[in-house]
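K.L.:
Make a model of this:
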Amino acid sequence: MSDAKPLIAVTGGTGFVGQHMIKALLEQGYRVRALARTLSKLSHVTHQNLEIIKGGLGSDDAGLVKGADVLLHMAGLIKAKTRQDIMAVNRDAAGAIAIAAQNASVPRLVLLSSQTAGQPQLSDYAASKHAGEIAVKEAYRGKLAIIRAPAVFGPGDEATKPFFDFIAKGRLPVAGGANWKSRQMAMVFVSDLVNDIALRAVSGDYDYQTLTPCTVPALTWEQFASDAGQALDKSVKVTLIPLPVIKAVAGATSLTSRLFGVGHLTLGKLREFLYEDWSSQDVIQNATPFIDALRITAASYTKE
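P.N.:
Model (predicted):
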């Protein structure tokens, strides 16, 4: 009988979460076969149990999953010029690699989705993640776990870095509106997320479930400012941005995004920010204390 450790086929390994994920899997003794369009993004990770296949989604799905014990599909787009473009990756490519896993008799598939998939009407991104979940479910008949990640933060994340830059100056910008105080969100420290996936999802604890693992389950913006202040040992105050102002900015960004692929705060993304309840009950066991996680993340940006 072979003593070989389970082989995990990974997509999206060059991204923010993906790079942390590969390190966590290797540390826990798994063999990893990762797909990478740009090899240099994984050049800092050297390990005898790591195999890197050059290419993108669809280039060699069958080769990636051949002989794998688990497919961990994390690749996806956060934004694109058109709805069709984001659907092509987050829905169609997800379905295609799930078909490859089914054809190769891969016994388990873990799909890293987004909490926004639960509210597909909010944005093209949310709709594409919801559609991707459906495509994978239709294509794959093995043991499936869907991880709907909430707001992820941690060292190396460029998406949340602007928030930490403001926090370092004692301010936390928040979209205004009558209900801004009641908005709440789950957040997950990247180390908690990848360790939870490696320990529980990959091993089968989450089979046939859809979960939103989190470090903190329901955080208001005022609580976020208070906790950030404790982490940085300074006063952090909420700075409200009037809705008409932020809507105007989002409208302009939506146009530049469609034309040039530039900009993140589109009208769809704004609707996600304004949604009142992004909470979760799926608190990760032995998660990093939230204030410690904030402190670690902030310190990582000051070292850059």
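
K.L.:
Show the contacting residues for the most centrally placed residue in the chain.
P.N.:
The C-alpha lying nearest the average C-alpha coordinate of the chain belongs to residue 149 (C-alpha atoms, centre = their mean; 5.4 Å). Counting by C-beta atoms under 8 Å, 6 or more residues apart in numbering, residue 149 touches 17, 112-115, 188, 193, 212-213. Bear in mind the C-beta positions are built from the backbone N, C-alpha and C, glycine included.

K.L.:
what's across from it in the sheet?
P.N.:
residue 114 (DSSP bridges).

K.L.:
Let the chain start at 256 from now.
P.N.:
Got it, first residue is 256 now, which makes that one residue 404.

K.L.:
Name the nearest of the contacts of residue 404 relative to residue 356.
P.N.:
In terms of C-beta to C-beta, no member of the contacts of residue 404 lies closer to residue 356 than residue 367, at 14.4 Å.

K.L.:
From residue 439, how far out is the closest one?
P.N.:
Distance of residue 367 to residue 439, given as C-beta to C-beta, to the nearest Å: 23 Å.

K.L.:
which residues sit in contact with the closest residue to residue 358 other than its chain neighbours?
P.N.:
Nearest residue to residue 358 in three dimensions, chain neighbours excluded: residue 317, at 7.2 Å (C-beta to C-beta, 6 or more residues apart in numbering). For residue 317, the contacting residues are 355, 358-359, by C-beta under 8 Å, 6+ apart.

K.L.:
Quick check on the residues you listed: which are buried?
P.N.:
355, 359 (16 or more other C-beta atoms under 10 Å).

K.L.:
Take the contacts of residue 317 and keep only those in helices.
P.N.:
The members of the contacts of residue 317 that map onto helices under DSSP state H are 355, 358.

K.L.:
which one of the contacts of residue 317 is nearest residue 475?
P.N.:
Nearest member of the contacts of residue 317 to residue 475, counting by C-beta to C-beta, is residue 355, at 42.6 Å.

K.L.:
what's the closest of the contacts of residue 317 to residue 548?
P.N.:
residue 355 (35.6 Å).

K.L.:
Which residue ranges of the protein form helices?
P.N.:
Under DSSP H, the chain gives helices at 271-282, 316-320, 338-342, 349-358, 379-394, 416-423, 445-451, 476-487, 498-515, 522-529, 545-557.

K.L.:
Which strands or helices does the fifth one pack on?
P.N.:
Helix 379-394 makes packing contacts with helix 338-342, helix 349-358, strand 363-369, strand 398-404, helix 522-529 when contacts are defined by 3 or more C-beta pairs under 8 Å, 6 or more residues apart in numbering; DSSP states H and E.
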